[in-house]
Structures are given as structure tokens and as C-alpha cells.
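J.: structural data only, the sequence is not supplied:
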Ligand SMILES: [Fe+2]
């Protein structure tokens, strides 16, 4: 069985991911031969730290209550995680959060987690949307960095800001390491994969979503995620959990591309730096 599994994974990984029908076919084949859920249900034990989640209650489009936050954290523990960095949105149009509000909620939640003896270490940062407010925060040195000196950031799904390169430069000149959340999900990338190379040249690191590999975000995002994995350009993996369902999906979903392959072909830094 083990031999079959290794053979299928190796065979599967050599396929050029250009034809989604082929991808689906081999995914079904893989799932037919063995119950591949076992490989993934404790992914947290391998990654140790989750670096992207929306668990703080009532502050963005993630957890709505303290109870939901606690349940999500318990679900991360079940997945094997030892640490989680909570990263609420900071976005001028939508979630006008600030450092003080985030830290106050974090202390409140962390107290509850410790009182309940839940075996996980929590840390806090943010997912910064590239807008004018972000530039203001950057120039005011009002940033909650992630894993040392990273800034986790996102852009609109539809277009890049016109001053993208300048913003990246501003981050780097201040000593931060820009870490782009879910590069596989931006619709504007389409099939123009050379943009990823340009971003790497700018010194941007990539955090991909675990759920992209089970096609939660669609086949195009899956295709881009597999391409990035095969290039070895994945620096971090995150749950980007907005709900318990997002976490359970990581445990139970059928993966269309094996996470074991993602981990073996990339230098995933969750394990070392967070
Ligand atoms: Fe997010």
C-alpha cells in the first residue's frame, strides 16, 4: 500500500497541471486507492504554527463571538497546531481596525484560552490591505509584524494598486519582509504567471492557503497554487480560517494535490521562524 502511495504521488506530481480534467481524474484515482485523509488530518503537527487566521471575535469577517473564537482555536489544536498567529484584517474600506483594538481583543481571548488550559500558544499580527491607511501606519511605525519582521499583506482580488512597487519598497526600506497572503487567489494574475517572478524579484515572500489545494477557492486558484508549489516558491502555509468549517475542511477535504508534495518541494518556514 505504501509503495502504491509513493508511486502514485510521484506520478501525480510529474503531471503538467494544465488540464483540470487530468487533475480531477488522478485525484479520484488517488482517493480510490487509499484514504488519503490520514496524511493530512494532523497537518498542524508538521507545520507547528498557523500564521494566518481570522479568529479574534467580532472584528472582521471571521469569528463572530468569543465562543466561536475558542471553538476555532480548539479545532486548530485538534489539527496538531502548537501555535497560532491571529491576523485580523486592517482595511480602510470595511474593517477599520487598529493596533489598540486588536491587542485588547487579543489579551481578552488569550486569557480565556489560558484559563481553559487549551494547549496552544497564541500570538497576534494583522493582514494589511494595501491602501492609503497602510502607508500611514507604515510611516507612523504602527505595525504589528508577523514572525519577527514580516508584514502579512493582501491586495484587492481584482487589481494591483498603481503604487504597488513603491509600497513594497517602503516596507523593505523600513526593515520589514513583505509576505503576500494567498498569491494564488488573485484573479488579476490569470495565466500571467510571470508576475510571480516579478514579485519574487521585489523580495516578496508567499503564504499560500492550505485550502487552495483542495480547490476551496476554485480550479484556477488550485492551478496557480500547484504551479507555485512546483516552482518551490511557497514560503509559508496558512489556514486563513474565518470559521470552524474552514479548519474542518483542512482536516477532511479531499486534496487534489498532495500536501506531502507541497511540503517536500518547498522550504516551508512556519516550522522554523514563527
Ligand atoms: Fe485572511
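T.: Arrived safely, thanks for sending. Just so it is clear, the structure is predicted and the values come from calculations on it, not from any experiment.
J.: list the contacts for the closest residue to the ion within the stretch 151-274 of the chain?
T.: Nearest residue of the stretch 151-274 of the chain to the ion (Cβ to the ion) works out as residue 240 at 4.4 Å. Just so you know, the C-beta spots here come from the backbone N, C-alpha and C atoms, and that holds for glycine as well. Residue 240 sits next to 52-54, 181-182, 209, 211, 246 when contact means Cβ atoms under 8 Å, 6 or more residues apart in numbering.
J.: neighbours of the closest residue to residue 170 other than its chain neighbours, how many?
T.: Among residues not flanking residue 170 along the chain, residue 138 sits closest, at 5.7 Å (Cβ to Cβ, 6 or more residues apart in numbering). By other Cβ atoms under 10 Å, 18 other residues sit near residue 138.
J.: just checking, residue 138 touches residue 171?
T.: Yes. Counting by Cβ atoms under 8 Å, residue 171 is a contact partner of residue 138 at 6.7 Å.
J.: please tell me how far residue 113 sits from the ion.
T.: From residue 113 across to the ion, the span is 20 Å (Cβ to the ion, to the nearest Å).
J.: next up, the contacts around the residue nearest to residue 124 when sequence neighbours are not counted.
T.: Closest residue in space to residue 124, ignoring its immediate chain neighbours: residue 106 at 4.2 Å, by Cβ to Cβ, 6+ apart. By Cβ under 8 Å, 6+ apart, residue 106 lies in contact with 56, 86, 122, 124.
J.: ok, residue 189 next?
T.: Contacts of residue 189 by Cβ under 8 Å, 6+ apart are 183, 195-196, 224.
J.: hmm, try it at 10 Å
T.: For residue 189, the contacting residues are 157, 160, 183, 195-196, 199, 220-221, 224, by Cβ atoms under 10 Å, 6 or more residues apart in numbering.
J.: can you turn the buried part of the residues you listed into a ChimeraX selection?
T.: Selection of the buried residues among the contacts of residue 189 in ChimeraX, burial being defined by 16 or more other Cβ atoms under 10 Å:
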select :160,183,196,199,220,221,224
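J.: restricted to strands, list the contacts of residue 189.
T.: Nothing among these maps onto strands, per DSSP state E.
J.: can you give me the strands for the stretch 151-274 of the chain?
T.: 177-181, 205-209, 236-238 (DSSP state E, counting those that start in this stretch).
J.: find the nearest non-adjacent residue to residue 249, please.
T.: residue 211 (5.8 Å).
J.: surely that neighbour meets residue 252?
T.: No. Using Cβ atoms under 10 Å, residue 211 is not in contact with residue 252; the gap is 11.3 Å.
J.: name the residue in these two with the higher neighbour count.
T.: Using other Cβ under 10 Å as the criterion, residue 211 and residue 252 rank with residue 211 on top: 23 against 11.
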